[in-house]
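A.B. asks: Show me how the following folds:
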Amino acid sequence: MEAEKIMSDFGIEIIRQIRALDQFGNWAKISDEELLTKKYVKTKEELKAVPVIADIDEMMINDIKMIYKAIALSFERKTGIVCNVIMEMSHEGFGRCAILSDRICIIDKYFKDAHRFSFRTLEALFEEGDKNLERALKVYEQYKPCMIGV
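C.D. replies: Numbering: from 1, shown residues only. Below you'll find the predicted structure:
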């Protein structure tokens, strides 16, 4: 994969996650950047077309969860510690996502109007993923001493 040479750990992992779900090869001819753009990037005009009050579909919920799975798997690759992604979302787009490692909650994110969830650019997606991964590593290191003897 050409994109792996320039992307961060999070960027590589989210592409792996999306490609792994492509059972029938529908996305095989689409570049990584184009695939990520279709899933996660919306312009201001596209965002204006999304109603303020609407129900969220299962595909969008899965796309959001995939971001947090990519963060969790990147964390696992860096630390060797297994993570679990827990996500609960109402049909109205209100919900919560948490990533647990051992007994430590390393990521905790609340959602409001998740049907409008998007990024303006791929760089913003990668920055957000990298920022969350770094924060997760810091939180784990901070609370890891509490796990001794548990």
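A.B. asks: For this protein, which segments are assigned as helices?
C.D. replies: 9-20, 32-40, 44-49, 58-79, 122-143 (DSSP state H).
A.B. asks: Switch those over to TSV; also include mean pLDDT, distance to residue 107 and mean neighbour count.
C.D. replies: (C-beta placed from N, C-alpha, C; glycine too.) What follows is the helices of the chain, written out as TSV (pLDDT from 0 to 100; distance: least, CB to CB, whole Å; neighbours: other CB atoms under 10 Å):
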stretch	mean pLDDT	distance to residue 107	mean neighbour count
helix 9-20	92	12	19
helix 32-40	93	17	17
helix 44-49	88	24	9
helix 58-79	95	6	19
helix 122-143	96	5	16
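A.B. asks: In a markdown table, list these along with distance to residue 85.
C.D. replies: Listed next are the helices of the chain as a markdown table, based on distance: least, CB to CB, whole Å:
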| stretch | distance to residue 85 |
| --- | --- |
| helix 9-20 | 11 |
| helix 32-40 | 17 |
| helix 44-49 | 26 |
| helix 58-79 | 5 |
| helix 122-143 | 11 |
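A.B. asks: For the residue nearest the centre of the chain, list the residues it contacts.
C.D. replies: The residue at the geometric middle of the chain, judged as the C-alpha nearest the mean C-alpha position with CA atoms, centre = their mean, is residue 67 (1.1 Å). Neighbouring residues of residue 67 by CB atoms under 8 Å, 6 or more residues apart in numbering: 14, 40, 125, 128-129.
A.B. asks: Residue 116 is nearest to which of the helices of the chain?
C.D. replies: For the helices of the chain, proximity to residue 116 was assessed by CB to CB; helix 44-49 is nearest, at 6.4 Å.
A.B. asks: Outside of that closest one itself, list whatever touches it.
C.D. replies: 116, 118, 120.
A.B. asks: Most neighbours of all the residues you listed, which one?
C.D. replies: When neighbours are counted as other CB atoms under 10 Å, the busiest of these turns out to be residue 118, with 18 neighbours.
A.B. asks: Look up the closest residue to it, ignoring the ones flanking it.
C.D. replies: Leaving out its chain neighbours, the residue that sits closest to residue 118 by CB to CB, 6 or more residues apart in numbering is residue 42, at 3.8 Å.
A.B. asks: Confirm for me that the one you found is in contact with residue 115.
C.D. replies: No - contact between residue 42 and residue 115 fails when scored by CB atoms under 8 Å: they sit 11.3 Å apart.
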